[in-house]
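Undergrad: predicted model and sequence below, questions to follow.
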Amino acid sequence: MTRFGLIRHAHSLWNGEQRVQGQKNSPLSEPGREMATAWGKQLRGLPWNRILISDLGRVKETGKLINESLHLPMHTDSRLREQDWGEWSGLEFAELLDRRQDVFSRQQQRGWDFRPPGGESRHEVLVRSQAALKEAARQWPGEKILVITHEGVLKCLVYHLCGLKFLPSEQPLVKGYRLHLLQVCKQTLLLEKANLLDLLTVHGAEPTAIF
């Protein structure tokens, strides 16, 4: 059994501007860099064996800052990228909702088939991110791996494992800046615990009872 602790990247400039990032990139904001540095100190008390990250810049920057405290082997996998939002990438959310409200609302009602124009569906994100974790489990059996990825990827994995349809009528499940614990056992992906650790409120304490 291989276990994974999943988190999203720290706060970026486009997060602050309320823009759709998708597979485009913006660097971490100053608060985001401080966040990532603090997360490294908070997570170093756990028995991680390595770090696995998305290949997008904001995640690489987050991983580098976290690893200043953890000093672990770090690997990238493009299958852990954020959902491709196609033509909507780079737009402010307010502009998206103002100018494309009808199209956006129709897409939201499609659940797992939500697909921005020129982008990819949530189901496609799920398939590739599951494949990345299962391959990591084959490559590093029995290890505990910190995975740094994106909110869209986290939602796809957790919502699937909880049997959700990814519809607007469902209660939001994935909370911001939490650590989620998953495992792969005999090539089956399982959810141990969602929203296990609030990275914004532990105030530097090193958790010791997750694994």
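TA: Right, received. Where do you want to start?

Undergrad: what's the spacing between the longest helix seen in the chain and its chain's center?
TA: If each helix of the chain is counted by residues according to DSSP state H, the longest one is helix 122-139. With CA atoms, centre = their mean, to the nearest Å as the basis, helix 122-139 stands 13 Å off its chain's centre.

Undergrad: check which residues of it are buried.
TA: 122-126, 128-130, 132-133, 136-137 (16 or more other CB atoms under 10 Å). In this view, the C-beta of every residue, glycine as well, is placed from N, C-alpha and C.

Undergrad: could you measure from the spatially most central residue of the chain over to Arg79?
TA: Centroid-nearest residue in the chain, with CA atoms, centre = their mean: His150, separated by 2.9 Å. Per CB to CB, to the nearest Å, His150 is found 12 Å from Arg79.

Undergrad: ditto for Leu154
TA: The gap separating Leu154 from Arg79 is 14 Å, by CB to CB.

Undergrad: give me the more crowded residue out of those two.
TA: A count of neighbours by other CB atoms under 10 Å puts Leu154 above the other of Leu154 and Arg79, at 24 against 18.

Undergrad: quick one: the helices in this structure, in order.
TA: 13-16, 30-43, 57-70, 93-99, 101-108, 122-139, 151-161.

Undergrad: quick one: the fifth one to helix 122-139, angle?
TA: Read it as helix 101-108. Here the directions of helix 101-108 and helix 122-139 differ by 40 degrees (axes from the mean of the first three to the mean of the last three CA atoms, to 10 degrees).

Undergrad: so for helix 101-108, mean pLDDT?
TA: For helix 101-108, mean pLDDT rounds to 92.
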